[in-house]
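K.L.:
Output the structure for:
(chains A and B)
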Amino acid sequence: MGLLSFKKGIHPPTNKDLTASSPVEEMPLPSQVVLPLGQHIGAPAEPLVAVGDEVATGEKIAEAKGMVSVPLHASISGKVAAIEPRPHVCGSMAPAIVIEGDGADRLAPGLSANRRLEELAAEEIKALMKEAGLVGMGGAAFPTHVKYNPPAGKVDYVLLNGAECEPYLTCDHRLMVEKADDVILGLQAFMKAAGAPRGVIGVEANKPDAIAALRQAAAGLPVTILPLKVKYPQGEEKMLIYAATRRVVPAGGLPAEVGVIVNNVATAAAFGYYLRKGIPLVSRIITVTGKGVRNPKNLLVRIGTLLEEVIAYCGGFTEAPGRIILGGPMTGPAVYRLDLPVMKGTSGVLVQTRAEVEKPRVLPCIRCGKCGAACPYNLLPNYLSDYAEHAKLPEAEKYGIMDCRECGACSYVCPSRRPLLQNIKNAKQKIMAARKKG
Amino acid sequence: MLETEVVVSPSPHLRSGVNAEAIMWMVVLALVPASIAAVYFFGWPTLTLLLASIGAAVLTEAVTVLIMKRPLTINDGSAVVTGLLLALTLPPTVPVWIPVVGSAFAIIFGKQIYGGLGFNPFNPALIGRAFLLASWPKLMVNWVWPEGSLGWVTGKVGALAGATTSATASATAGATAGATIQTVDAIAGATPLGLWRGGITDVPYLQMYLGNIAGSLGETSALAILLGGLFLLVFKVIDWRLPCSYLGTVALLAFLMGEDPLFHLLAGGLLFGAFFMATDYVTTPVTPRGRLLFGIGCGLLTFLIRKYGGFPEGVCYSILIMNITTPLLDRWTVPKRFGEVKANG
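P.N.:
Prediction:
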């Protein structure tokens, strides 16, 4: 009651009980890591090493290429075994650096720990974000430093996303409970980089222990912890900004236009850890969960660890899996192989059993309007999907298809089980392709 | 590597528990109170009419999709809803072939001819009813009062007969008797709306509320309709905007025109139409404002037909006429998008 939120949205079962109270467990070093050069939005990184080279944990092994890109670091020590195309979550092969581990986890020399915020200028902090290989760890994997390019002074809030509105996932929850200090340190660094006087962390109210831990860590600082209503997609950037500040990001616009920069709490914690320890983004917390996993866990894993090792460490499958999802069930992609690596933007692995995988009987649209009533962007998904199916792209654009942020609330509620979001995504891709051409 | 096949499908990978079939069966459930009221007030033969109508609708649906070589759709529940809705709009006196023919027509010409579920522009049940009314007008206005309501009717007749006798004291006895019998027939064979047209407006509210009056099978008991309507509202099967704007418009117009709003809400098929016909998903707008306008349009037409039309009741035609406007209303009332930027600013 009375909690901040946005309009409309849906209430899927949260299913977080499987792992919500499981402390983060550090997974033993993998014998091998596969590090795709493109694990972020933007240009893939360029390798700095050759096959046969010895590398150490935290060593930069690929350099950012261009503005929207970040460097890549070895997540274990060992020898570069291959630089070749490897299976990627996108469905095809993508170039990756493969490191055979030596089991020693030697740290790269020259990593400077204990950087003090007082001694760093805003520009230096932005450069460090890039050097840390920092990307959005909520799933989008957008290079963090790029968000801080708008001229400082215009941003008055750095808003951290601790909503974790995706069902099943608890990695951010556990991170906020167990690494609140890193979150706050990272947030302070972000605020300084942006010249923002205030920091805000939005957390769904079903994580009272996280709210308490953050409040304790932020005591005396210009940082507010805001409990938010439990509703999907509470953590979607524009909805989060609206919930926390009542500011409306214009359609097609960026959060900076309303004076806000949004980062995930895990991104902030990774940066805080980097400032303290000097170790760039080489590990992350993921939630391995679902009825299909024998021992669901929150795991601290090295980037590049293969899913098969992660699943095996969690006791394997309970039965033949029905569907394997990278990330949460609302937006995460379903995958069909386990030789895929955990990447910087991978928040979890969800395994559904066969019984849980509905083979939906798709009926015609009955025009119930539930999709429109669920859409947080106030679109009419039934019409957009219909235009998409009939290749009426100008109409789709006229009725705002490009404003869709692909939260999937429409498909979730559709009683006819129509692939609304899928149709909308297809049309958006066609429109984007046409725009690039034209 | 994975040793078994897994499903690869686009997100989201969770679906709400409410599917189209569930919605249809919830509507059927919501119609149960009105069906029970129909049987209670008009007797067991009523049940035959309801079942015949449902059976004919389902059978017609099955035959038509088989002919068209389409997947069998009868278990989606929509044909059951159409059959039941149609039956509940019929007078209790109709022969059993009336709902059978009506349901078949509703399914073929109200629904399947347009491509089946989701594609019909008009409410199929109302298409069936309009067809029956046009084809067998006498059978479709053959009203009776429930047994339990006869006290009021005979009292009314007695009073009228007395008035007639005194007014025609100088006329021959035979003519007076004939006029009285005609009056009695007129009252006993009219619905409250019919009586209202003849200037009789004092049907007790309680009788109308409970359903103890002449009218279509499912339309007489406001109590039963409200129970079902409330159920649909609580479980968010229907949008409050449609019944509320429809009923509100009729009540407001009645008030402005010096009529009794409560009488107009309780009389005829208004409540039934507002909760069960004007809320049909396929044939009504999907936008919130479109739904409000749809209800207002229905209310306006219903009141105009009641007050000035050739029939005493206009719910059926009002909704059918408004069904035509649905695509236009949707277009006119596209909601403002989150963060929408004006094209010129």
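K.L.:
Select the longest helix from the chain.
P.N.:
Reading this off chain A. Assignment by DSSP state H gives helix A:420-437 as the longest helix of chain A.
K.L.:
Switch to chain B, please.
P.N.:
Longest among the helix segments of chain B by residue count, using DSSP H, is helix B:45-67.
K.L.:
Residue ranges in the chain under the pLDDT threshold?
P.N.:
As the question left the chain open, I've gone with chain A. Counting by pLDDT under 70, chain A contains low-confidence ranges at A:1, A:150-153.
K.L.:
looking at chain B here, not the other one
P.N.:
Judged against pLDDT under 70, the low-scoring parts of chain B cover residues B:1, B:157-188, B:342-345.
K.L.:
Which strands or helices does the longest helix of chain A pack on?
P.N.:
On a contact count with 3 or more Cβ pairs under 8 Å, 6 or more residues apart in numbering or on different chains; DSSP states H and E, helix A:420-437 meets helix A:381-389, helix A:393-398, helix A:409-413. C-betas here are computed from N, CA, C, even on glycine.
K.L.:
can you tell me which of these comes nearest to chain B?
P.N.:
Go through those one by one with Cβ to the nearest Cβ and the one that ends up closest to chain B is helix A:409-413, at 5.1 Å.
K.L.:
Identify all contacting residues around that closest one.
P.N.:
In this structure, residues lying in contact with helix A:409-413 by Cβ atoms under 8 Å, 6 or more residues apart in numbering or on different chains are A:8-10, A:12, A:232-233, A:330, A:370-376, A:381-382, A:385, A:418-422, A:424, B:11-12, B:14-16, B:18.
K.L.:
List buried residues within the residues you listed.
P.N.:
Buried subset of these (neighbour count, 16 or more other Cβ atoms under 10 Å in any protein chain shown): A:8-10, A:12, A:232-233, A:330, A:370-376, A:381-382, A:385, A:418-422, A:424, B:11-12, B:14-16, B:18.
K.L.:
Just say helix, strand or coil for the residue nearest to residue B:118 when sequence neighbours are not counted.
P.N.:
Using Cβ to Cβ, 6 or more residues apart in numbering or on different chains and skipping the chain neighbours, the partner closest in space to residue B:118 is residue A:364 (3.3 Å). Here residue A:364 is recorded as coil under DSSP: H, G, I helix; E, B strand; the rest coil.
K.L.:
Residue A:364 against residue B:119, yeah?
P.N.:
Yes. Contact criterion Cβ atoms under 8 Å: residue A:364 and residue B:119 qualify, at 6.7 Å.
K.L.:
Could you pull out the buried residues of stretch B:66-75?
P.N.:
For stretch B:66-75, the buried set under the neighbour-count rule, 16+ other Cβ under 10 Å, comprises residue B:73.
K.L.:
Would you mind confirming that residue A:309 makes contact with residue A:28?
P.N.:
No. In terms of Cβ under 8 Å, residue A:309 does not count as a neighbour of residue A:28; the distance is 9.3 Å.
K.L.:
What residues does the closest residue to residue B:87 other than its chain neighbours make contact with?
P.N.:
Computed as Cβ to Cβ, 6+ apart, the closest residue to residue B:87 that is not its neighbour in sequence is residue B:53, at 3.5 Å. With contacts defined as Cβ under 8 Å, 6+ apart, residue B:53 is in contact with B:83-84, B:86-87, B:90, B:99-100, B:102-103.
K.L.:
so which strand or helix has the closest residue to chain A within the stretch 201-345 of chain B?
P.N.:
Sorted by distance to chain A under Cβ to the nearest Cβ, the residues of the stretch 201-345 of chain B start with residue B:286, at 3.7 Å. Secondary-structure element containing residue B:286, defined by DSSP states H and E: none, the residue being outside all helices and strands.
K.L.:
give the contact list for it.
P.N.:
Residue B:286 makes contact with A:367-369, A:372, A:380, A:382-383, B:330, according to Cβ under 8 Å, 6+ apart.
K.L.:
And for residue A:170?
P.N.:
Residue A:170 makes contacts with A:16, A:18-20, A:22, A:164, A:287, A:289, A:298, as judged by Cβ under 8 Å, 6+ apart.
K.L.:
Mark which of those residues are part of strands, please.
P.N.:
Among these, the residues falling in strands (DSSP state E) are A:287, A:289, A:298.
K.L.:
ok, back up a step: from the contacts of residue B:53, which two are the most distant?
P.N.:
Across the contacts of residue B:53, the longest distance by Cβ to Cβ is 13.6 Å; it joins B:84 and B:100.
K.L.:
Skipping its backbone neighbours, what lies nearest residue B:102 in space?
P.N.:
The shortest distance from residue B:102 to any non-neighbouring residue, by Cβ to Cβ, 6+ apart, is to residue B:128 (4.1 Å).
K.L.:
The one you found: neighbouring residues, count only.
P.N.:
Applying other Cβ atoms under 10 Å in any protein chain shown, we find 33 other residues in the vicinity of residue B:128.
K.L.:
Tell me which other helices or strands the host helix or strand of it touches.
P.N.:
Assessed by DSSP H and E, residue B:128 sits inside helix B:124-135. Helices and strands touching helix B:124-135, by 3+ Cβ pairs under 8 Å, 6+ apart, are helix B:78-88, helix B:97-110, helix B:137-140, helix B:315-332.
K.L.:
Out of those helices, which gets nearest to residue B:232?
P.N.:
Distances from residue B:232 to each of the helices and strands packed on helix B:124-135 were compared by Cβ to Cβ, and the smallest falls on helix B:78-88, at 11.9 Å.
K.L.:
Same question for that closest one: list its buried residues.
P.N.:
Quick answer for helix B:78-88 (16+ other Cβ under 10 Å): B:78-88.
K.L.:
interface residues of the stretch 51-200 of chain A facing chain B?
P.N.:
Proximity of the stretch 51-200 of chain A to chain B is assessed by Cβ under 8 Å from any Cβ of the partner chain, with residue A:167 identified as the residues in range.
K.L.:
Just the closest residue of the stretch 51-200 of chain A to chain B, please.
P.N.:
Proximity of the stretch 51-200 of chain A to chain B (Cβ to the nearest Cβ) peaks at residue A:167, 6.4 Å away.
K.L.:
Which stretches in the stretch 201-350 of chain A count as strands?
P.N.:
Assigned strands in the stretch 201-350 of chain A, in chain order: A:223-228, A:260-264, A:283-289, A:297-302, A:321-326, A:334-335, A:348-353 (criterion: DSSP state E, counting those that start in this stretch).
K.L.:
Can you lay out these as a markdown table showing distance to chain B and mean neighbour count?
P.N.:
Supplementary listing: the strands of the stretch 201-350 of chain A in a markdown table, determined by distance: least, Cβ to the nearest Cβ, whole Å; neighbours: other Cβ atoms under 10 Å in any protein chain shown:
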| stretch | distance to chain B | mean neighbour count |
| --- | --- | --- |
| strand A:223-228 | 17 | 20 |
| strand A:260-264 | 13 | 25 |
| strand A:283-289 | 13 | 27 |
| strand A:297-302 | 20 | 24 |
| strand A:321-326 | 5 | 24 |
| strand A:334-335 | 5 | 20 |
| strand A:348-353 | 7 | 26 |
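K.L.:
Can you add distance to residue A:249 and give the ones you listed back as JSON lines?
P.N.:
Shown next, in JSON lines, are these (distance: least, Cβ to Cβ, whole Å):
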{"stretch": "strand A:223-228", "distance to residue A:249": "17"}
{"stretch": "strand A:260-264", "distance to residue A:249": "8"}
{"stretch": "strand A:283-289", "distance to residue A:249": "27"}
{"stretch": "strand A:297-302", "distance to residue A:249": "31"}
{"stretch": "strand A:321-326", "distance to residue A:249": "27"}
{"stretch": "strand A:334-335", "distance to residue A:249": "30"}
{"stretch": "strand A:348-353", "distance to residue A:249": "27"}
